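Asks: sequence unknown, structure follows:
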């Protein structure tokens, strides 16, 4: 919103308040009805994103890039998915049945082979060892596709799977973290009763109005706006409580923390939140890879498929990009503990919705899955694809001090075939 | 001919007269000249109350107490502002507060090698001691770069095995220049080439960090080897895998190559001593040469980068802005002022206290923050800047204004999380959800407004004065000014409509602590 606009809306609001008279508590700053409606409409047209984060790194060979009959193939059997030419693991039957919604990228070739650096790299598309604090994609999407006047935060994460935060975009875009049981972050519960909170808020507004008469500098306004957002969040936070609807959904999503979080993510994007990250733990199977992956997939399969189905049924899938990825893939070689280690030479990420073409396999690994055979995709390419799908310019320029920085590194190209 | 001669004579006389002026007069003359040239109207002079709070926060990192406020506002001495500045510079908190400022400049909130560097009380103590002694800022920086005094060594620990990072940080902070672009390619808009970059990195490449003691009592020695060179291979984009490059000689930025005795051909670096002893000093120390060169009065960058940074600390913007980007495309807004401050600083033996005293005694510093302008950092210094209080200042302010002493359960880590990094990459303030959830709902903030024997809430509730006077006490305590009649009315009616005042007083003080007037220094 330009300054002129916000000034206008403030004046218009004050006029409006005079009519409604004393006693009615309305947000004073940036909250004028028509301005908000306009911003909401603009934000509605923008796409949202749900990131399903496979923490530790899921095995591509045991999910979407199976190598039956090869020494690297492992014990899982492939099953035919809904898409010709795409076989998936036997423990992903429900996802396989809606594979026409998936774009499977089998040619991820990335640079950061470990957890902290891989987690950072696959959340920001930049290397962690640079001194520049790059924002996670959640913060970028919050900035570009979020509604600044919304009641709800724009970057929500369940679990704790990212490590970059908002970086140079600033504290306004930091993640709002919900733990995996659905509990809101610290300090989300007022110690005052509702009516006392409102009275106190009104006195605050009186003080700010008085000071604001001759103090117009932006930081003052930013302070007030953030205060109002915190209050609006408390009034709107019911949306995070899914206990009423969950019993009806849990059979489809699976009665797990991850299933519940996926269901919540669906509710949150429907409520207008542009980015929700849902983490699933335990993929880091250096030992007993197959036991671990079987267990993980049995949680993943119902949750992911129900999420995509629900979004499609409610007409939201075209507006909502769902990403399935982790920080690394896993080695084709099976180690002497029946495990697979970290692998970045040829691994898999899956996109769906948000206008990305479904039923597509992009890129390929070689017969044993050891290298990329066709169409390597870097972190930057993947992020450029994601940002383009969401209507965000992947070369948007920002600054860290005097240093110019772009949302994706130089040379990153969106995958045209998927868009 | 005659005419131009007399003009030259007049100009000389003019310049001579200026050389004797105190810096504050030069500041005001130059700043006013720019207003005139730009057609900018300055804000009014700050009220005593505005000045009082501002200068307290800027100099000692905390606002004045209620009693100090009352006393200063009632004082009729026309020299009371100057006297206050003297008093605050002599205050033991002055060096501590300035040390906090510089510590954050030198480390930021996320220094590398975080485990070893994120808590550094010994460093801050060392820094405060140097600032207190005021033995020349050049000596302070020299000691910092030598890293030999106890407590000072941790500065280099953040750059362990990362000579390029040390180079970038020192060049940015003390030379006011952005070298990092020249690491991978010649600088796109400045004059620096990759050779300049690697030439400067050569001064740090032989440093090693030795760590002693345990987790709870760590000390460091910054050792320096006799061998080791920076390798340079060309533009990063054109590098082939495995390509190592050729050794580069250390070279002073924009100056000569370092003259040093050659390392004997068959020289082998002895292993680092394992008995907890520091490494022996090298036969030739690049670090010493660097420290001397950076802080020399003739160094073309150091003094002006420093005065520009100190200026910005108090005035918001640098005269060159951003403050660490001196280059020909980024001209100073007030070149004559920058020169006068730089010369004044050098001629006064890099006296930091003097520089600060001159700035805060200027009329330009003492302008009001009120006015229609929206910029946090007014371009022509026509109005006081608005800057968020640091997390450290917030805690100190809460303790002072509510008359609550420090307590171990204050929740510093939460304060740091809520207030530690309030800006985006451009340094613009952003109010955040986490800050306000913390302010609104945390027991940590509430602890400052809950009634406790002797604290502000208790004082107000215990008092038998009329509510008008008690509201005045709240305002004088928290915002260091008297309330306007409208504010008195709003607060009195807020408190009086409750049958018992306890909760309402707590609320009222909470509101003042949450106000934007309190959140910023302005």
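Replies: Structure's in. What do you need? For clarity, every value in this text was computed on a predicted model and none was experimentally measured.
Asks: can you pull out the strands in chain B?
Replies: B:207-214, B:217-224, B:230-232, B:246-248, B:387-388, B:520-521 (DSSP state E).
Asks: what residues sit buried inside the fourth one?
Replies: Translated: strand B:246-248. Neighbour counts over strand B:246-248 (16 or more other CB atoms under 10 Å in any protein chain shown) mark residue B:248 as buried. Using the backbone N, CA and C atoms, a C-beta is placed for each residue, glycine as well.
Asks: show me the shaky parts of chain B.
Replies: B:1-20 (pLDDT under 70).
Asks: give me the most central residue, it.
Replies: residue B:101 (3.8 Å; CA atoms, centre = their mean).
Asks: a markdown table for the strands of chain B, including distance to residue A:49?
Replies: Compiled in a markdown table, the strands of chain B are given as follows (distance: least, CB to CB, whole Å):
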| stretch | distance to residue A:49 |
| --- | --- |
| strand B:207-214 | 42 |
| strand B:217-224 | 43 |
| strand B:230-232 | 42 |
| strand B:246-248 | 46 |
| strand B:387-388 | 31 |
| strand B:520-521 | 35 |
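Asks: let me have these in JSON lines, extended by distance to chain A.
Replies: Below are the strands of chain B laid out as JSON lines (distance: least, CB to the nearest CB, whole Å):
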{"stretch": "strand B:207-214", "distance to chain A": "18"}
{"stretch": "strand B:217-224", "distance to chain A": "20"}
{"stretch": "strand B:230-232", "distance to chain A": "18"}
{"stretch": "strand B:246-248", "distance to chain A": "22"}
{"stretch": "strand B:387-388", "distance to chain A": "6"}
{"stretch": "strand B:520-521", "distance to chain A": "6"}
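Asks: residue B:341 reaches residue B:24, doesn't it?
Replies: No. Contact criterion CB atoms under 8 Å: residue B:341 and residue B:24 do not qualify, at 10.6 Å.
Asks: show me what from the stretch 1-150 of chain B comes close to chain A.
Replies: B:110, B:112 (CB under 8 Å from any CB of the partner chain).
Asks: quick one, helices of the stretch 1-150 of chain B?
Replies: Using DSSP state H, counting those that start in this stretch, the helices assigned to the stretch 1-150 of chain B run over residues B:2-20, B:23-38, B:48-60, B:66-74, B:80-90, B:92-107, B:114-117, B:121-133, B:137-146.
Asks: just to revisit the earlier point, thinking the residue nearest to the centre of chain B is in contact with residue B:310, fair?
Replies: No. Counting by CB under 8 Å, residue B:101 does not reach residue B:310; the two are 9.5 Å apart.
Asks: neighbours around residue B:387, how many?
Replies: Using other CB atoms under 10 Å in any protein chain shown, residue B:387 has 24 other residues around it.
Asks: then residue B:343?
Replies: 16.
Asks: ok so residue A:278 is a strand residue?
Replies: Yes. Under DSSP: H, G, I helix; E, B strand; the rest coil, residue A:278 falls within a strand.
Asks: which residues does it bridge with?
Replies: Beta-bridge partners recorded for residue A:278 (DSSP bridges): residue A:52, residue A:158.
Asks: quick one, what contacts it?
Replies: Counting by CB atoms under 8 Å, 6 or more residues apart in numbering or on different chains, residue A:278 touches A:50-53, A:157-159, A:258, A:261-262, A:264-265.
Asks: let's see 7 Å
Replies: A:50, A:52-53, A:158, A:258, A:261-262, A:265 (CB atoms under 7 Å, 6 or more residues apart in numbering or on different chains).
Asks: could you do residue B:232 as well?
Replies: Counting by CB under 7 Å, 6+ apart, residue B:232 has contacts B:194-195, B:198, B:245-246, B:248.
Asks: switch to 8 Å and redo it
Replies: Here residue B:232 is in contact with B:194-195, B:198, B:245-248 (criterion: CB under 8 Å, 6+ apart).
Asks: let me have the helices of the stretch 1-150 of chain B in TSV, adding distance to residue A:97 as columns.
Replies: Formatted as TSV, those follow (distance: least, CB to CB, whole Å):
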stretch	distance to residue A:97
helix B:2-20	84
helix B:23-38	69
helix B:48-60	64
helix B:66-74	71
helix B:80-90	73
helix B:92-107	54
helix B:114-117	47
helix B:121-133	61
helix B:137-146	65
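Asks: just name the most buried of these.
Replies: When the helices of the stretch 1-150 of chain B are scored by mean count of other CB atoms under 10 Å in any protein chain shown, the highest mean neighbour count falls to helix B:48-60 (a mean of 22).
Asks: residue B:144 contacts residue B:153, correct?
Replies: No. Residue B:144 lies out of contact with residue B:153 (CB under 8 Å); the separation is 9.7 Å.
Asks: show me what contacts the closest residue to residue B:249 other than its chain neighbours?
Replies: Among residues not flanking residue B:249 along the chain, residue B:257 sits closest, at 5.0 Å (CB to CB, 6 or more residues apart in numbering or on different chains). By CB under 8 Å, 6+ apart, residue B:257 lies in contact with B:199, B:249-251.
Asks: just give me the neighbour total for residue A:199.
Replies: Neighbours of residue A:199 (other CB under 10 Å): 19.
Asks: relative to the whole chain's centre, how far out is the strand or helix carrying it?
Replies: Assigned by DSSP states H and E, residue A:199 belongs to helix A:194-212. Centre-to-centre, helix A:194-212 and its host chain are 34 Å apart (CA atoms, centre = their mean, to the nearest Å).
Asks: cool, and stretch A:65-85?
Replies: On CA atoms, centre = their mean, the centre of stretch A:65-85 falls 29 Å from that of its chain.
Asks: who's in contact with that stretch?
Replies: A:59, A:61-62, A:87-93, A:95-100, A:102, A:104, A:106, A:289-290, A:293-294, A:332-334, A:346-348, A:359, A:361, A:365, A:367-370.
Asks: how about residue A:346, nearest residue that isn't a chain neighbour?
Replies: residue A:365 (3.9 Å).
Asks: count the residues that sit near the one you found.
Replies: Neighbours of residue A:365 (other CB under 10 Å): 25.
Asks: residue contacts, it?
Replies: A:60, A:65, A:106-107, A:346, A:371-373.
Asks: name the nearest of the residues you listed relative to residue A:399.
Replies: residue A:107 (33.0 Å; CB to CB).
Asks: for PyMOL, write the selection for the buried entries among the contacts of residue A:365.
Replies: A single PyMOL command is used to select the members of the contacts of residue A:365 judged buried by 16+ other CB under 10 Å:
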select buried, chain A and resi 60+65+106+107+346+372
